[in-house]
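In: My questions concern the predicted model and sequence given below.
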Amino acid sequence: MSPPLNLKVNGQPFFRRYWVGDIDGQTHRINIVVTNESLALMRYNAHTFIDGTFKVTPHPSYQCVIVMIYDYGTELYVPCAFALVREKIIASHSHNSLFRSV
């Protein structure tokens, strides 16, 4: 079942994952946005840069995590996946769930 805010870009799904899980008795959510092209880059490249920001996030999110992959063709790091974490939770739990979902 697709999430209610499923979007398409060029006919392909853009809003990919919606993780909801229970951590220490509380329900938490992670929304992940990634394209097919970005997934292909993520599969075949080993150089990954991950950054999280707390100050620039849309409401009601608490943190935005950006996954960037080194593109050998352009010799640049390309942002490939964006994840919005809604609640403040233990970083290791939320980030492990994020990586498994992508």
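Out: Here it is on my side, so go on.

In: what about Val78, helix or strand, and which?
Out: Following DSSP states H and E, one finds Val78 within strand 76-85.

In: Which elements pack onto that strand?
Out: Based on contacts counted as 3 or more Cβ pairs under 8 Å, 6 or more residues apart in numbering; DSSP states H and E, the elements that strand 76-85 packs against are strand 26-34, helix 36-44, strand 63-71, helix 91-101. Every residue, glycine included, has its C-beta placed from N, CA and C.

In: hmm, 10 Å instead?
Out: For strand 76-85, the packing partners by 3 or more Cβ pairs under 10 Å, 6 or more residues apart in numbering; DSSP states H and E come out as strand 15-23, strand 26-34, helix 36-44, strand 48-53, strand 63-71, helix 91-101.

In: Report the buried residues of it.
Out: By neighbour count on 16 or more other Cβ atoms under 10 Å, the buried set for strand 76-85 is 77-78, 80-81, 83-85.

In: ok, it: who's next to it in the sheet?
Out: strand 26-34 (antiparallel), strand 63-71 (antiparallel) (DSSP bridges).

In: tell me the angle that strand makes with helix 36-44.
Out: Angle of strand 76-85 versus helix 36-44, following axes from the mean of the first three to the mean of the last three Cα atoms, to 10 degrees, is 110 degrees.
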